[in-house]
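>>> here is my input; please provide its structure:
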Amino acid sequence: MRILRLGCRGYNFEHITLLHCDTLIYGGWVPHLTFTFNLTSTKFSVHQYKRTYPERKDVRDKVWELHNKGWGYTKIHQYLQKNGYEIGKSRTTVDSMITKMKKREYILGLQDQIRKYEDFKIQYFRL
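Numbers count the residues shown, from 1 in each chain. Coordinates of the predicted model:
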């Protein structure tokens, strides 16, 4: 084993270690602590649920209100037609609106779920 005499800021020490006062022993190779950071998030994905439609707000609010009261989509469709709301002719338009609103609430309500630091390693990189 070879002992190196290293000078550091005016002091001389005998060391066998690699790390000491920014002195490189192995010809420009520097150790780095590397790791993997895993994050599962919906904030990095582009989706249609962030877009709002102000012209449809009245109809959507009324559909959501009646759905929360326990009304079925057929009854909601009949109510909207009788009260002059702009709605499609088919009653299933209300059903698809409710399905999409539920999915939108689910997607927008998701939080960052997984944050992990993994695979800690000391790797040597040449400068």
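>>> hey, let's count contacts and neighbours off CA atoms from now on
Noted.
>>> buried ones in the longest helix belonging to the chain?
As far as residue count goes, and with DSSP state H defining each element, the longest helix of the chain is helix 92-109. By 16 or more other C-alpha atoms under 10 Å, the buried positions in helix 92-109 come out as Val94, Asp95, Met97, Ile98, Met101.
>>> could you do stretch 59-70 as well?
When neighbours are counted by 16+ other C-alpha under 10 Å, the buried residues of stretch 59-70 are found to be Val59, Arg60, Val63, Trp64, Leu66, His67.
>>> is it true that Tyr117 touches Phe37?
Yes. Using C-alpha atoms under 8 Å, Tyr117 and Phe37 qualify as a contacting pair, with a distance of 4.6 Å.
>>> how near is the residue nearest the centre of the chain to Leu66?
Using C-alpha atoms, centre = their mean, the residue of the chain that lies closest to the mean C-alpha position is Ser41, 1.7 Å off. With distances taken as C-alpha to C-alpha, to the nearest Å, Ser41 is found 32 Å from Leu66.
>>> so which of the buried residues of stretch 59-70 belong to helices?
Using DSSP H, the subset of these located in helices is Val59, Arg60, Val63, Trp64, Leu66, His67.
>>> tell me which of the residues you listed is nearest to Val46?
Nearest to Val46 among these is Arg60, at 22.7 Å by C-alpha to C-alpha.
>>> what's near enough to touch that closest one?
Met97 (C-alpha atoms under 8 Å, 6 or more residues apart in numbering).
>>> how about a cut-off of 10 Å?
Residues touching Arg60, when contacts are defined by C-alpha atoms under 10 Å, 6 or more residues apart in numbering, comprise Tyr53, Pro54, Leu66, Val94, Met97, Ile98, Met101.
>>> of these, which is the nearest to Gly72?
Using C-alpha to C-alpha, Leu66 is the member of those that sits closest to Gly72, with 8.4 Å.
>>> number of nearby residues for the nearest residue to that closest one once chain neighbours are set aside?
In space, and not counting its chain neighbours, Leu66 is closest to Ile76: 6.7 Å by C-alpha to C-alpha, 6 or more residues apart in numbering. Applying other C-alpha atoms under 10 Å, we find 21 residues neighbouring Ile76.
>>> what helix or strand does Ile76 sit in?
Element membership for Ile76 (DSSP states H and E) is helix 73-82.
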